[in-house]
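Peer 1: sequence and predicted structure are below.
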Amino acid sequence: MSVCVLRVPYRGVVFGPDELAWLQRVIDSEKNAQAAAKRVCEHFGWLRPNGTPPLSSCSVFLRHLSNRSLIRLPPRKRAASPRLLWCKERERLLRELGPVPGMVECQPSGPLTVRPIAPEEWDGFRLHMRCYHYLGFEKPVGESICYVALLGNEVVALLVWGAAVMHNGPRDRHLGWDAATRERRLIYVINNRRYLILPWVRLPHLASRVLAANLRRVNRDWVTAYGHPVVLAETFIDSARFSGICYRASNWLYLGETRGFSRTPQRGFAPNNTPKSCFIYPLHRQATQVLRGERPLPSRLVRPCSRP
């Protein structure tokens with residue numbers, strides 16, 4: 001009778017019993033999971049295109065193995081009274097932001113600017129997302145860029161772009177991806193994780209204008225930040241809440257519905273009973289051929305640009 005040996009592939013390495021035992025020795029010898037992830041990345045030579053180790057994604061992988069009882073991670077150290085600390089921080093930020101405008105007739109006006117947020121804007125960005133986006137907001141994991149849209153000097157919208165999800169059936173079927181091609185080329189796809197028009201802003205066509213302006217610059221921002229280009233954008237729309245009209249108006253392609261799964265640190269992939277509408281937008285006319293491996297990356301996409 002044959003014995004089934006568990007093997008878990010990740011970043012070109014297949015983790016069998018020997019590799020998992022080595023991982024456990026590394027974890028036991030380090031003071032925390034973050035230090036263990038750094039050592040694992042160094043051992044296997046895992047690097048992002050910008051030369052930095054992928055610590056966040058490696059930590060997620062280690063938690064995935066721990067959830068499957070393949071390794072043991074040390075318990076997480078929790079800060080004292082995290083809810084109390086957040087409440088105090090929220091109160092401080094609200095005082096600094098001042099009164100939030102209501103549904104007023106006077107709406108912002110002026111030239112539209114869409115740009116990455118500055119470091120000093122992070123607290124305000126997070127607070128607005130947590131207050132006004134129905135999904136809330138936590139610190140992004142992995143490659144991501146947060147954007148702000150302004151009309152004149154007034155903030156009107158906030159956006160978050162991040163690395164694409166690993167499993168997206170409509171996208172993978174559209175591209176004709178197998179698992180190996182997806183693993184090699186997924187780095188060139190980004191996901192619009194959050195899009196928030198501030199609730200007191202009421203201006204026609206604003207959502208599609210902001211989205212178009214963001215798409216025009218997101219590749220060069222990604223090259224500058226992470227050292228590699230992106231050629232395709234994707235997003236998911238909860239069709240029970242939204243019609244996705246701004247994406248349709250911006251010529252995004254509707255691919256179909258997902259199966260309704262989400263990924264959590266505790267349970268991995270689990271059904272959430274909320275299928276999402278999947279849309280994609282090519283950032284280059286040869287995006288499909290590049291992602292299939294039929295064409296090399298266009299050289300002009302790889303050069304960072306200093307223009308705003």
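Peer 2: Looks like it arrived, so ask away. Small disclaimer: the values here were computed from a predicted structure and weren't measured.

Peer 1: okay, CA-based contacts and neighbour counts for the rest of this
Peer 2: Noted.

Peer 1: and the average pLDDT for stretch 235-244 is what?
Peer 2: Taken as a whole, stretch 235-244 has a mean pLDDT of 87.

Peer 1: the stretch 151-300 of the chain: helices as residue ranges?
Peer 2: 169-175, 179-185, 206-226, 245-249, 287-292, 299-302 (DSSP state H, counting those that start in this stretch).

Peer 1: with only the CA atoms kept, save the longest one in CSV.
Peer 2: The C-alpha atoms that make up helix 206-226 are tabulated as CSV, following Å, rounded to 0.1, in the frame of the first residue of the first chain:
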residue,chain,number,x,y,z
LEU,A,206,-16.4,61.8,-10.1
ALA,A,207,-15.9,58.1,-9.4
SER,A,208,-15.0,57.2,-13.0
ARG,A,209,-12.8,60.3,-13.3
VAL,A,210,-10.8,59.5,-10.2
LEU,A,211,-10.4,55.9,-11.3
ALA,A,212,-9.2,56.8,-14.8
ALA,A,213,-6.7,59.3,-13.3
ASN,A,214,-5.4,56.7,-10.9
LEU,A,215,-5.0,54.0,-13.6
ARG,A,216,-2.9,56.4,-15.7
ARG,A,217,-0.2,56.6,-13.1
VAL,A,218,-0.4,53.4,-11.1
ASN,A,219,2.2,51.5,-13.2
ARG,A,220,5.0,54.1,-12.8
ASP,A,221,4.2,54.4,-9.1
TRP,A,222,4.5,50.6,-8.8
VAL,A,223,7.9,50.5,-10.6
THR,A,224,9.2,53.3,-8.3
ALA,A,225,8.0,51.6,-5.2
TYR,A,226,8.6,47.9,-5.9
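
Peer 1: which parts of that helix are buried?
Peer 2: Buried residues in helix 206-226, counted by 16 or more other C-alpha atoms under 10 Å: 206-208, 210-212, 214, 217-224, 226.

Peer 1: returning to what we had before: least reliable of the helices of the stretch 151-300 of the chain going by mean pLDDT?
Peer 2: Across the helices of the stretch 151-300 of the chain, helix 299-302 has the smallest mean pLDDT, namely a mean of 70.

Peer 1: for this protein, which spans come out with low pLDDT?
Peer 2: Filtered on pLDDT under 70, the chain yields the residue ranges 1-5, 49-50, 76-106, 260-273, 300, 302-308.

Peer 1: and it, what are its domains?
Peer 2: 8-67, 111-302 (automatic domain parsing).

Peer 1: mind putting those domains in CSV, distance to P74 included?
Peer 2: Below are these laid out as CSV (distance: least, C-alpha to C-alpha, whole Å):
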stretch, distance to P74
domain 8-67, 7
domain 111-302, 14
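
Peer 1: quick one: F125 from V156, how far?
Peer 2: Remark: distance between F125 and V156 (C-alpha to C-alpha, to the nearest Å) = 12 Å.

Peer 1: so between these two, which is more surrounded?
Peer 2: A side-by-side neighbour count of F125 and V156, using other C-alpha atoms under 10 Å, places V156 first with 26 against 19.

Peer 1: now do the same contact list for the more buried one.
Peer 2: P108, V148, A149, L150, I197, L198, V201 (C-alpha atoms under 8 Å, 6 or more residues apart in numbering).

Peer 1: I'd say W161 and V189 touch.
Peer 2: No - using C-alpha atoms under 8 Å, W161 is not in contact with V189; the gap is 10.3 Å.

Peer 1: quick check, nearest of the buried residues of helix 206-226 to V40?
Peer 2: Nearest to V40, judged by C-alpha to C-alpha, of the buried residues of helix 206-226 is Y226 at 20.9 Å.
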